[in-house]
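Peer 1: Sharing a model prediction with you, sequence too.
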Amino acid sequence: MALKLQAMAFPSSHKIFSQGTISSFNKPFKVFMASCSTYSSIATLEGDHMTEKKPYHPAKAPSNQVTHSMPPEKSEIFKSLENWVEENILTRLNDVEKNWQPQDFLPISHESDEQFYEQVKELRERTKEIPDEHLVALVASMITEEALPTYQTMLNTLDGSRDETGASLNPWAIWVRAWTAEENRHGDLLHKYLYLSGRVNMRQIEKTIQYLVGAGMDPKTENNPYKGFIYTSFQERATFIYHGNTARLVKTHGDTKLAQICGTIAAEEKRHEASYIKIVEKLFEIDPDETMLALADMMKKTITMPTQFIYDGQDHNLFQQFQIGLELIVLKIMVTLLNLWLESGKLRN
Ligand SMILES: [Fe+2]
Ligand SMILES: [Fe+2]
């Protein structure tokens, strides 16, 4: 799906940039976010509300949270799929020994000092030419990736497929942990690269990440794995598009290393998407009615973005700053997924 870029107003109070770069915004300026920006959100804050100001409580929280909407007997379906997950989903994970690690793309810090300083200098030279608006897109993706604890928590809310102990050998649980472990490299790599670039105010970003993880999210999947795996299919596709678009943007400004980083992460999102798509296809095959109802419900509610409660310590409406046009993008991705499941024949049947 070819998505275009969209101009968006970036809030003047959002001081993510370092002194000397563009730290002193007096007025809003235009930035261009990759339009698949799942990060920046869409969704509907309908039903979300500001919480009463209490210490340690998040600034915003969802209202009307629905829990355990899957009929309990359906858990048996997920039990019956354990062998299938072992053979068809776990096999899609990469071998840790052969997988890439953030260090493969970063200055090597444990060898010679001179070499390290030289590589950092080169990195800073490369990132110098990246326009601020592309850095905003990168910061948004990094913050979203860094809120990974929230997504692992979300997967472990799902009845019938959660990791019951934290180290369960159930194939569903092995998938949750291994997926998290693969995803963990994304935020790690982007975080270190942005830190070394010297282009952004890391303290401000770190505070935002802490607020975001503390606030959590409500994907409206209701502990229901049918809805949960539709949600994750959507998010993986959205992140694949986002990182891919960011790669193209930074490449045009000469940072081929950063383009390679974003492209590598995008490829991994694509591999993860394929797993979740496969799970939903299987659910369509063995329980079409419940899966169809779940899909209809998720489409009706629209997809909640992981950053729905983003807060930087200053702006309670940060999420809404990025809403322009994003409803359309959510819809486009949902239609693409529908087509995929239709093409597979499972949905049509
Ligand atoms: Fe990721
Ligand atoms: Fe992902």
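Peer 2: Received the coordinates, thanks. Residues are numbered from 1 along each chain as shown. Ligands and ions are numbered 1, 2, ... in the order given.
Peer 1: For stretch 67-82, measure first residue to last.
Peer 2: Chord length of stretch 67-82, first to last residue, is 24 Å (Cα to Cα, to the nearest Å).
Peer 1: 34 is where my numbering starts, stick with that
Peer 2: Shifting the count to begin at 34 puts that one at stretch 100-115.
Peer 1: what comes up buried for it?
Peer 2: 102-103, 107, 110-111, 114 (16 or more other Cβ atoms under 10 Å). Where you see a C-beta, it was placed from the backbone N, CA and C, and this is true even at glycine.
Peer 1: any idea whether the nearest residue to residue 328 once chain neighbours are set aside is helix, strand or coil?
Peer 2: In this structure, residue 328 finds its nearest non-sequential neighbour in residue 263, 5.7 Å apart by Cβ to Cβ, 6 or more residues apart in numbering. Following DSSP: H, G, I helix; E, B strand; the rest coil, the label given to residue 263 is helix.
Peer 1: what does the one 5 residues further on give?
Peer 2: Of the three states, residue 268 takes helix under three-state DSSP.
Peer 1: helices and strands around the helix or strand where residue 246 lies, which ones?
Peer 2: Assessed by DSSP states H and E, residue 246 sits inside helix 235-248. Judged by 3 or more Cβ pairs under 8 Å, 6 or more residues apart in numbering; DSSP states H and E, the packing partners of helix 235-248 are helix 165-179, helix 181-188, helix 204-230.
Peer 1: and those helices as a markdown table, adding distance to residue 159?
Peer 2: Below are those laid out as a markdown table (distance: least, Cβ to Cβ, whole Å):
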| stretch | distance to residue 159 |
| --- | --- |
| helix 165-179 | 13 |
| helix 181-188 | 27 |
| helix 204-230 | 8 |
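Peer 1: Residue 94: which of the ones you listed is closest?
Peer 2: For those, the distance to residue 94 is smallest for helix 181-188, at 13.6 Å, taking Cβ to Cβ.
Peer 1: Can you pull the residues of the stretch 84-233 of the chain lying near ligand 1?
Peer 2: Contact residues (Cβ under 5 Å from the ion) of the stretch 84-233 of the chain with ligand 1: 178, 216, 219.
Peer 1: Can you tell me which of the residues you listed is nearest ligand 1?
Peer 2: Distances from ligand 1 to these, taken as Cβ to the ion, are shortest for residue 219 (3.8 Å).
Peer 1: Next, count neighbours for the closest one.
Peer 2: 25 (other Cβ atoms under 10 Å).
Peer 1: correct me, but it touches residue 180?
Peer 2: No: counting by Cβ atoms under 8 Å, residue 219 sits too far from residue 180 to count as a contact (11.2 Å).
Peer 1: any weak-confidence spans in the stretch 134-283 of the chain?
Peer 2: By pLDDT under 70, the stretch 134-283 of the chain has no low-scoring segment.
Peer 1: Residues of the stretch 134-283 of the chain that sit close to ligand 2?
Peer 2: Residues of the stretch 134-283 of the chain lying close to ligand 2 (Cβ under 5 Å from the ion) are 269, 272.
Peer 1: Could you rerun that using 6 Å?
Peer 2: When proximity is defined as Cβ under 6 Å from the ion, the stretch 134-283 of the chain approaches ligand 2 at 216, 269, 272.
Peer 1: leaving aside the residues next to it on the chain, what's closest to the first one?
Peer 2: Closest residue to residue 216 apart from its sequence neighbours, by Cβ to Cβ, 6+ apart: residue 181 at 5.6 Å.
Peer 1: Wait, the one you found touches residue 215, no?
Peer 2: No: Residue 181 lies out of contact with residue 215 (Cβ under 8 Å); the separation is 10.3 Å.
Peer 1: Between the helices and strands packed on helix 235-248, which one is closest to residue 134.
Peer 2: Residue 134 lies closest to helix 204-230 among these, at 6.5 Å (Cβ to Cβ).
Peer 1: SS state for the residue lying farthest from the centre of the chain?
Peer 2: Relative to the centre of the chain, the most outlying C-alpha is that of residue 147, 36.0 Å out, by Cα atoms, centre = their mean. The local conformation at residue 147, judged by three-state DSSP, is helix.
Peer 1: what about it, distance to residue 197?
Peer 2: Distance, residue 147 to residue 197, using Cβ to Cβ, to the nearest Å: 51 Å.
Peer 1: that older thread, need the contact list for the residue nearest to residue 216.
Peer 2: Shown in contact with residue 181 (Cβ atoms under 8 Å, 6 or more residues apart in numbering): 213, 216-217, 220.
Peer 1: from the residues you listed, which is closest to ligand 1?
Peer 2: Comparing these against ligand 1 with Cβ to the ion places residue 216 closest, at 4.6 Å.
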